[in-house]
Structure formats: C-alpha cells, structure tokens
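Enquirer: Just a sequence and a predicted model for now, questions to come.
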Amino acid sequence: MKKESERTFAGKVRRALWLLIRRNFSARGLYLRFLAGRISFVDGNNNETRAIVLQIPGQTDPCYSPFNKGVARRLCAEKFTVIRCDFSGQKINQMKRELTDHQVDAFCEQLIQRCDRLRRRYDQPLILVGKSLGGAIVTKALDRTEAAGCVVLGYPFQKEGSHWDRLRHLQHVRKPVFIIQGEDDRYGGKNLVAGLALSESINMVWIAQAEHGFKHHIPALKDALAGACQTILEGSNFLTSEAE
C-alpha cells in the first residue's frame with residue numbers, strides 16, 4: 001500500500017514537472033510568455049478589403065492555431081482583411097486557476113487600444129470576432145470601440161468553478177452582436193440560453209448538434225461567420241450613408 005502511494009505521488013510530481021516545462025518552455029509556452037500581444041498575423045489583400053476583422057482566439061488556442069488560421073482564411077475569401085492576435089499576459093490562461101474580473105478587464109483595455117490603432121491606420125469598417133473567452137472580451141469591450149459589431153464563436157455562458165462575470169454586460173450591449181453557438185455546447189446550449197436576459201442587439205445563430213469546439217461542424221461555422229460579418233458590414237454601410 002505504501003509503495004503504491006509513493007508511486008502515485010512520484011507520478012504526480014513527474015506530471016506536474018512535465019506540465020510546467022510544456023507550459024513555459026515549449027514553442028507554445030514561449031510564444032504565450034514572450035510574444036503574445038507583441039506580434040499579430042495579417043491575412044488578406046488590403047487593396048481589395050471591404051472591412052478589417054480583428055480576430056481574438058479562445059483561452060487555450062493561440063491565434064496561430066490551425067482553427068484560427070482556417071477561420072481567417074475563410075473570411076479572406078470574402079474579401080475581409082483579418083488581423084489575428086493574442087493578448088499580452090496570455091500566459092495566465094494556461095494556468096489552472098480561473099481568471100478574475102480584473103484580468104478580463106485588462107484584456108478588454110488591450111482590445112480597446114488595439115481597435116483605436118486599427119481605426120487610425122485603416123479607412124475601412126472594423127468588425128470584431130472572438131472565440132469563447134475571446135468572445136466574452138469582444139462583447140464586453142464592443143461599445144467602447146469604434147467597431148461596427150462583433151461575432152462570437154461559441155460564447156462561454158457558464159463554466160463550473162468560474163467566478164468572473166460573463167453575463168451582466170450581455171444585457172446592455174448596444175451594437176450588433178452575432179453569437180454562433182452549438183446546440184450541444186457544454187458552456188451554454190439552447191435550453192440554457194433561452195432562459196437568459198440578453199440585449200435586443202444580440203442575435204443567436206444555432207448550429208445543430210455542434211459542441212463548443214465545433215469539431216465536426218467547421219464548414220457550417222465558417223459559413224455562419226461569413227454571413228454574420230456580411231450583415232454587420234451592410235448595416236455599417238447603411239448607417240454611414242444615412243449620416244451623409
């Protein structure tokens with residue numbers, strides 16, 4: 001019994017050391033520690049751009065991942081220029097402890113500053129796209145930016161053990177929001193979302209049988225995303241012509 005306990009303890013120690021090394025010294029860990037927030041990836045031809053899309057990834061999937069790259073390529077095919085980036089301090093997302101409201105607010109401030117820089121640099125409408133945690137951040141910061149609207153790929157409406165407020169701002173957001181959600185999303189399926197108080201500016205787009213990662217529904221997700229961005233862009237152009 002004692003030997004078995006020792007083996008279990010030794011296994012836990014080895015696993016903890018391995019996770020520490022992988023989180024901090026793998027290519028991914030080094031990127032999140034030193035480069036996240038300092039570099040971005042740009043996809044698309046600026047000469048044909050109809051709008052700029054700022055794409056913010058989820059909590060555990062950096063912006064250079066195949067998923068985020070595939071999403072950007074789909075939008076490029078619709079003549080959007082896509083800028084993918086992570087946040088400075090993104091390494092805290094790799095820790096087991098949950099995020100706090102303070103940390104989420106810090107990410108929102110980074111997003112607002114980046115949006116300001118993009119609006120000064122580009123003369124096209126700006127649309128925000130966020131996956132999971134990225135979606136919570138873009139919806140929370142949206143009304144404080146000059147973005148025309150935002151699209152969320154799988155909103156984390158609930159998560160066991162989480163303490164930061166991911167719902168309150170959804171009651172008050174004013175700009176157009178499209179949330180593309182899997183009906184079987186463990187962080188907020190159709191039945192749960194139906195009971196929530198959401199702003200009238202939020203449009204829910206449901207993908208049947210899809211889960212949070214959209215693993216077997218990527219084509220449907222990309223089509224819905226392209227359609228949502230197009231709708232936001234058309235609304236932005238309408239408002240611009242009305243103002244003129």
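Expert: Cool, the structure landed.

Enquirer: separation between R73 and P66?
Expert: Using CB to CB, to the nearest Å, R73 is found at 10 Å from P66. Just so you know, the C-beta spots here come from the backbone N, C-alpha and C atoms, and that holds for glycine as well.

Enquirer: Repeat that for E146.
Expert: 31 Å.

Enquirer: Neighbour count: these two, which is higher?
Expert: E146 (13 against 8; other CB atoms under 10 Å).

Enquirer: before we move on, which element is the closest residue to that one other than its chain neighbours in?
Expert: Counting by CB to CB, 6 or more residues apart in numbering, E146 lies nearest to R119, which is 4.9 Å off, once chain neighbours are set aside. Following DSSP states H and E, one finds R119 within helix 101-121.

Enquirer: So which bits of that helix are buried?
Expert: 104, 106-108, 110-111, 114-115, 118-119 (16 or more other CB atoms under 10 Å).

Enquirer: Stretch 205-214 now?
Expert: Quick answer for stretch 205-214 (16+ other CB under 10 Å): 205, 207, 210-214.

Enquirer: neighbouring contacts of that stretch?
Expert: 132, 153-154, 156, 178-187, 190, 216-217, 220-221, 224, 228 (CB atoms under 8 Å, 6 or more residues apart in numbering).

Enquirer: can you give me how far the helix holding R119 is from the chain middle?
Expert: How far helix 101-121 lies from its chain's middle: 13 Å, per CA atoms, centre = their mean, to the nearest Å.

Enquirer: Can you point out the buried residues in the helix or strand just after it?
Expert: For helix 101-121, the following helix or strand on the C-terminal side (DSSP H and E) is strand 126-131. For strand 126-131, burial by neighbour count (16+ other CB under 10 Å) applies to 126-131.

Enquirer: mind giving me JSON lines with those and columns for distance to S40?
Expert: Listed next are the buried residues of strand 126-131 as JSON lines, based on distance: CB to CB, whole Å:
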{"residue": "L126", "distance to S40": "14"}
{"residue": "I127", "distance to S40": "16"}
{"residue": "L128", "distance to S40": "14"}
{"residue": "V129", "distance to S40": "14"}
{"residue": "G130", "distance to S40": "15"}
{"residue": "K131", "distance to S40": "16"}
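
Enquirer: Strands of the chain, residue ranges please.
Expert: Using DSSP state E, the strands of the chain run over 40-43, 51-56, 80-85, 126-131, 149-153, 177-182, 202-207.

Enquirer: Can you tell me how far the nearest residue to G130 once chain neighbours are set aside is from D101?
Expert: In space, not counting the residues next to it along the chain, G130 is nearest to V138; the distance is 3.8 Å by CB to CB, 6+ apart. Here the criterion is CB to CB. By it, V138 lies 16 Å from D101.

Enquirer: again with A226
Expert: To D101, A226 is 33 Å away according to CB to CB.

Enquirer: Poorly predicted segments of this protein, please.
Expert: By pLDDT under 70, the low-scoring segments of the chain are 1-7, 19-25, 46, 90-97, 237-244.

Enquirer: mind running it again at 80?
Expert: Residues of the chain meeting the criterion pLDDT under 80: 1-10, 16-37, 45-47, 60, 89-98, 161, 236-244.

Enquirer: what about the helices in it?
Expert: 2-25, 27-30, 66-77, 101-121, 133-141, 190-194, 218-243 (DSSP state H).

Enquirer: what's the most buried one of those helices?
Expert: helix 133-141 (a mean of 26; mean count of other CB atoms under 10 Å).
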